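A.B. asks: A predicted structure for the sequence below; I have some questions about it.
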2 protein chains.
Amino acid sequence: MATITAGSQIGRSIPRLESRDKVTGRAEYTHHLKLPGMLYGKIFRSTMPHAKIRKVDTSAAAALPGVYRVVTIDDIRTVIPHPYYGPAFHDQPVLADGKVRFAGEPVAVVLASDPAVAEEALGLIEAEYEELPAVYDELEAASSPHLVHDELKPAATFPDLQHLKGRRGTNIALDYKMRRGNVDAAFASADHVFEHEFRTQQVMHVPMEPFVTVADVANGQATLHTASQGPSFVRIEIARLLGWPENRVRVKVPHLGGGFGGKLYIKLEALVTSLSLLVARPVKISLTMEEQFFMVTRHPCTFRIKSAVTKAGKITARKCEVWWNGGAYADIGPRVTQKAGFTSAGPYDIENVWIDSFAVYTNRPPCGALRGFGAPQTAWAYECHMDMMARELDLDPVAFRRMNMLRNGRPQAGGTVMEDADIEASMDLALERIGWNAPLERVSGNIRRGRGIAIGFKGITAPTTSVAIVNVYADGSCVLYISTVDMGQGSDTVMAQIVGEVLNLDPEKIKVIHPDTDVTPYDMGTLGSRSTYHMGTAVRLAAEDAKNKIEELARDLDMPPGSNLPVAELLRKKYGMQAGNIIGTGSFMPDYQKPDPETGQTRKATPFWGVGASSAEVEIDMETGEFKVTKLVNIADVGVPINPKLVEAQLSGAGIMQYGFTTIENMIFRDGQLTNGSLADYKIPSLLDMPKVFINEATRSNQKDGPFGAKGAGESTTIALSPAIGNAIADAIGVHIPDLPVTPEAVYRAIQSLKNAGGH
Amino acid sequence: MATITAGSQIGRSIPRLESRDKVTGRAEYTHHLKLPGMLYGKIFRSTMPHAKIRKVDTSAAAALPGVYRVVTIDDIRTVIPHPYYGPAFHDQPVLADGKVRFAGEPVAVVLASDPAVAEEALGLIEAEYEELPAVYDELEAASSPHLVHDELKPAATFPDLQHLKGRRGTNIALDYKMRRGNVDAAFASADHVFEHEFRTQQVMHVPMEPFVTVADVANGQATLHTASQGPSFVRIEIARLLGWPENRVRVKVPHLGGGFGGKLYIKLEALVTSLSLLVARPVKISLTMEEQFFMVTRHPCTFRIKSAVTKAGKITARKCEVWWNGGAYADIGPRVTQKAGFTSAGPYDIENVWIDSFAVYTNRPPCGALRGFGAPQTAWAYECHMDMMARELDLDPVAFRRMNMLRNGRPQAGGTVMEDADIEASMDLALERIGWNAPLERVSGNIRRGRGIAIGFKGITAPTTSVAIVNVYADGSCVLYISTVDMGQGSDTVMAQIVGEVLNLDPEKIKVIHPDTDVTPYDMGTLGSRSTYHMGTAVRLAAEDAKNKIEELARDLDMPPGSNLPVAELLRKKYGMQAGNIIGTGSFMPDYQKPDPETGQTRKATPFWGVGASSAEVEIDMETGEFKVTKLVNIADVGVPINPKLVEAQLSGAGIMQYGFTTIENMIFRDGQLTNGSLADYKIPSLLDMPKVFINEATRSNQKDGPFGAKGAGESTTIALSPAIGNAIADAIGVHIPDLPVTPEAVYRAIQSLKNAGGH
């Protein structure tokens, strides 16, 4: 301990605590788990996007030797009277209940001791449907008479959604509003008004570890082993579903093979728990990679953005209308609609702002949170819009942004005064790293080059709570209890560094206990870049509580101040032997004020700001539309990086992911049927697909109220990446592509349309 | 929650929380556990009581197909340089190290995936020994030149044993002294001096679940699943053995099938952990019922007791010399020697006391703690001695006891002033319940009847520490974290009642987390009747801490005092949703002052007093010596019983156990070889063996500083039971039997010797 000094643990790139377990194959994943007597479940899915279920004939499947039971919603209802779930709305039946709302929806489950038998039996189930008119497009669905749900059913969990209860006759699950200043007047008196529409596509999380849950319900106790980013939330929701108290539901998460927002809230857990309760045996369901397309995806959205601009380039008003295609079940879509709606006017200082953001039900697979919580979709629109206006006004896009940029000390459109948001510094670093001012390298023939810049920001889900416990053992070794899920982002390591910093311990010797709701205290979830700031603060408080108790013990033992006896010696003095513990607890919820529901205005909407800036350089074949991103720079303001190496991995990981969403990933539907629902057809980027120059860097910053100056880093580089590439392509070819993904075909068509229009 | 009112949880005989899990067979025991890749170990044991090991030939065993490896101490030493363990002395090698010290000592282990293969291979191991002179009797060993150990090696854990370090040339591991007043002068001026010698036999714990440990050591982390009464202690000792910090050792105890002191400290865990470290695979060893005879047993002892008495019957001095036969390894014997030595003058108010209590090594299986920690052995002596003196002095044994009884407010021989010790009330109740003053029923022929009374007390191991955590979830449901091991005594239930009482919750709805050192905080061990008082207090403090935090939360939320909003509503108000926890912690160590090592005197030796009184009625066949205990009454002062039904189960359970030790159980040795080492030969009592009238009752009492007035109940009825029966037999036949067990043969011989001596 002698070598550990204050301040030495922050900014240290120690290796991940779990590295050795992972490389030796000893790391436990839920997929490995087998319980005695466990049954495997395989899901029979709807082939119809919207239909009444006339009949499900399970008799042949049930008769297959080795099949334990075939289960439909009628069976579930014998043990759970109202088998509906969902984080924001209780709209999703555990299995299809009389109708199906998307192609791929679970209709029945075959249970067998041998998963191959269960799989085989799926082919013997016959379902008869009566097809219903379906809606797939968010704009169309918003005003369609064809309803996905008859009535809105907001979860009691969220008081602010209760006004929607019982609303009927609409596919709009939620309408978020922000109103600031007088938009109409500003547009009326504007020098210029620009309006554009952008669209983004449906994509998927593709965690390396597909969804998997094992539930063991017996003797009034439910134990779940599940690949979840939010064990505390799962516990509360499963308790609600079962009608049991929280302390009879235990949710354990071992190592997690990626989540990216997909494994949040409640997913497979509702179904698997219901099955285990029904058959009184442990049940496991593990999805295939492909089945994940039907679990949760990222919202497509349509974004109409309109800005009023003075001759000099000052934006005086902005109106945003965003329609979020939530698919058949709300999942956390209403919150995405609110949170991404909230920042959809971009990181600009605009007097008059009008935002409408709509969560829309359609007959597609459900959409939820995916790394960025809607911010990347909105930034695609507002940052392409910025460049399109700059082009029209013949302004330098950087100068145009700088002129309108939201700076610390000024209120964001929702009223919260910006603090600790390094937007300009991030942009400057993105410009510097790509060599913005250097001339573009000349290329010959049909190749054109271009550069683009984009910035973006996001608010953080609020208010949320984290609780931590630090236990210092009798020999001074230390254990940390948190429900933050380390899914590869390195949270265990960062939290151990925070404890080490407070208690002067080597963080590599601190043990972090994996989430287990019977063991680790409450955390809202590992989501929305919140862990380092929220849980990090709870961990700091818990460690400080332990430190105070250690100092108190020293005083009780009449140690002179500054004698700094190690804990082990203090406890030995106190108890006469190696015995006892020092237990510190910490609980944290940031300052927050609920926004006015009509105007979205509040004093404090977000605990901190996620800030990203990206710059890109592209090379385009003007004959074919094929393009290459030759340089890609992602900059984020993460406050003080507690572990710079892990921050870099987060920034580059988010960048790679968003790069796929920008250039190749796209769930393609025909009549509500996913046509590329396999990883042979739906491609994600590999490292070889990434630009040769790929820089990911954090600004030198400080989140004053974060733990040792830190804030979240997991999403910031997803925000500005797509428009940076979009703007670079437009810089090269002279026209903007309004929809994601940006494919060679789209580029080719844009070039052709420009030629046809007589452009350059 | 509305129906729960303050004070309503104490004195409620709610069923055990785990009842349903146990009767449905879902309760987890370590015996059930299988880990992937796990090897089973079978132990090859010494056939010699004391010998040098010339050679252990394991080649044939190792060559048996299916054998993974055969391990001796030389293998262990490649991974653990000093493979010795033990709670008080580090005298015990993980496997025999160059010599064996008792017949049955582990010499080698066969590891195989199939336990039957491992068992078969044992027969192929050949060991060659060079026999050494052995000592078996505690008196003989105390002065023998034949040494069991060359040198004493006290554990660093206990500072008060350090003066013994390096002591050589003796089999006496520890000599405990108590000196009060002037014994020599008192004897010199006495009216009467009586001196008697008593002996007790070696017996065993016989838990229904034999010893079993699974150890999984990998990647610098050791996880043990073990049938232990002391997981915190095991963790500290395993960490010491491995040279690792505590936070890299995890010890889990699921349900435990009885312990009775046998599963305390460190037993199989040292060997199994060493094996797993060596082979880098999980290893399991489960003993057979019979192998338990070689793990740990109860100390035989020889007790010379001498009293000076006035004509009127006042005892003015007492000298006690107790030799404890600890077997080949000290285990916790030195502490038994101290603690039972401390009360060996009995619960009497005697001015001049001299006690010597010796822990003696012999070549027998090791002896440790067994329900009562030596108190039953000493009470056998001092209470038979009381009746023998009363008989000689022609005094009524009850009046004689009453005249000399130690009463609250008077110092015990060690200096601690008695408090909350209902000795006389216990005796009175024992007398009342057996109908002491009613004439004995007449019987015809060779049958004689007799009645006996006895009292006894014990101090409690001090100082020891317990820590508890109470977690109140967002819906108000509650979980308690303790390392107290519920091995059938009902501690989970009692602790839940204490939480329920403080927090106004239904204790049957509180979940108690089973010991897991990664989860539950430190507890010294489930031993010596300490849990209800020590852990119960820690639990009370933890619940009160949670209660204070709840009240603080209500104040923070500006609730008017007395509004008494449920926790669930407070947390919902605070966090805007069902979220968060309230965590309370409690840590308790009772007041204690270390006794002077030369005189044993101290202000505070024990946190409370265990008090028992027994009365018995017997019927004896004067021709054959066969006898029947027709009535047996056990009374204990347990303070306020928190769960009267569980207290009764504890009192009767202890009574049944001690009844076996009194009348039938006896480990019989010939030349150091156990001759009845099977449960076909070594019988324990069944319910049918118990007296028809068998009353177990607690006095109406109050332990003022115990949780809600409670104190421990697990051992008190072991103390006075044997002498009550011994005194009843003497009442019937006219002569005392000095040795346990009291068998028909011993009674027959006593009757014969009395006849030969011309007695009645």
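C.D. replies: That came in fine, so what should we check first? Numbering: from 1, shown residues only, chains lettered A, B, ... in the order given.
A.B. asks: so what pLDDT did the closest residue to chain B within the stretch 301-450 of chain A get?
C.D. replies: With CB to the nearest CB as the measure, A:Arg335 is the residue of the stretch 301-450 of chain A nearest to chain B, at 11.7 Å. (Glycine included, C-beta is placed from N, CA and C.) At A:Arg335, the model reports a pLDDT of 95.
A.B. asks: Just confirm it contacts A:Ile460, I think it does.
C.D. replies: No. With contacts counted by CB atoms under 8 Å, A:Arg335 stays clear of A:Ile460, the gap being 11.9 Å.
A.B. asks: Domain-wise, how is chain A divided?
C.D. replies: For chain A, automatic domain parsing gives the domain ranges A:19-28+A:464-588, A:35-132+A:207-288, A:297-410+A:423-461+A:596-756.
A.B. asks: Might you list the low-confidence residue ranges for the stretch 301-450 of chain A?
C.D. replies: Filtered on pLDDT under 70, the stretch 301-450 of chain A yields no residues whatsoever.
A.B. asks: need the residues of it near chain B, please.
C.D. replies: For the stretch 301-450 of chain A, no residue is in contact with chain B (CB under 8 Å from any CB of the partner chain).
A.B. asks: So which residues of the stretch 301-450 of chain A form helices?
C.D. replies: Under the criterion DSSP state H, counting those that start in this stretch, helices of the stretch 301-450 of chain A are mapped to A:333-342, A:375-393, A:397-404, A:423-434.
A.B. asks: What residues sit buried inside the longest one?
C.D. replies: Within helix A:375-393, the residues that qualify as buried are A:375-391, A:393, counting by 16 or more other CB atoms under 10 Å in any protein chain shown.
A.B. asks: How about exporting it as PDB, limited to the C-alpha atoms?
C.D. replies: Taking only C-alpha atoms (Å, rounded to 0.1, in the frame of the first residue of the first chain), the coordinates of helix A:375-393 have been written out as PDB:
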ATOM      1  CA  ALA A 375     -29.200  11.200 -30.500                       C
ATOM      2  CA  PRO A 376     -27.300   9.800 -33.600                       C
ATOM      3  CA  GLN A 377     -30.600   9.900 -35.600                       C
ATOM      4  CA  THR A 378     -31.300  13.500 -34.700                       C
ATOM      5  CA  ALA A 379     -27.700  14.600 -35.300                       C
ATOM      6  CA  TRP A 380     -27.800  13.000 -38.700                       C
ATOM      7  CA  ALA A 381     -30.500  15.500 -39.500                       C
ATOM      8  CA  TYR A 382     -29.500  18.700 -37.800                       C
ATOM      9  CA  GLU A 383     -25.800  18.400 -38.800                       C
ATOM     10  CA  CYS A 384     -26.500  17.600 -42.500                       C
ATOM     11  CA  HIS A 385     -29.100  20.500 -42.300                       C
ATOM     12  CA  MET A 386     -26.300  22.800 -41.100                       C
ATOM     13  CA  ASP A 387     -24.000  22.000 -44.000                       C
ATOM     14  CA  MET A 388     -26.800  22.200 -46.500                       C
ATOM     15  CA  MET A 389     -27.600  25.700 -45.200                       C
ATOM     16  CA  ALA A 390     -24.000  26.700 -45.200                       C
ATOM     17  CA  ARG A 391     -23.700  25.600 -48.800                       C
ATOM     18  CA  GLU A 392     -26.800  27.600 -49.700                       C
ATOM     19  CA  LEU A 393     -25.600  30.700 -47.800                       C
END
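A.B. asks: Quick check: A:Ile14 vs A:Pro644, distance?
C.D. replies: With distances taken as CB to CB, to the nearest Å, A:Ile14 is found 10 Å from A:Pro644.
A.B. asks: Of the two, which one has the most company?
C.D. replies: A:Ile14 (20 against 15; other CB atoms under 10 Å in any protein chain shown).
A.B. asks: What residues does the more buried one make contact with?
C.D. replies: Neighbour list for A:Ile14: A:493, A:497, A:507-508, A:643 [criterion: CB atoms under 8 Å, 6 or more residues apart in numbering or on different chains].
A.B. asks: Please tell me which one of the residues you listed counts the most neighbours.
C.D. replies: Counting by other CB under 10 Å, top hit in those: A:Gln497 with 32 neighbours.
A.B. asks: That one contacts A:Arg12, doesn't it?
C.D. replies: Yes. With contacts counted by CB under 8 Å, A:Gln497 reaches A:Arg12, the gap being 6.6 Å.
A.B. asks: between the two, what contacts are shared?
C.D. replies: A:507, A:643.
A.B. asks: that older thread, now distance to B:Val79 and pLDDT too, for the contacts of A:Ile14, in CSV please.
C.D. replies: Listed next are the contacts of A:Ile14 as CSV, based on distance: CB to CB, whole Å; pLDDT from 0 to 100:
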residue, distance to B:Val79, pLDDT
A:Thr493, 29, 98
A:Gln497, 32, 98
A:Pro507, 27, 96
A:Glu508, 23, 96
A:Asn643, 33, 97
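A.B. asks: what's the most distant pair in those?
C.D. replies: A:Glu508 and A:Asn643 (11.5 Å; CB to CB).
A.B. asks: Kindly list the main-chain dihedrals of the nearest residue to A:Glu598 once chain neighbours are set aside?
C.D. replies: Closest residue to A:Glu598 apart from its sequence neighbours, by CB to CB, 6 or more residues apart in numbering or on different chains: A:Lys177 at 6.3 Å. Here is the backbone geometry of A:Lys177 (degrees, to the nearest 10): phi -130, psi 140.
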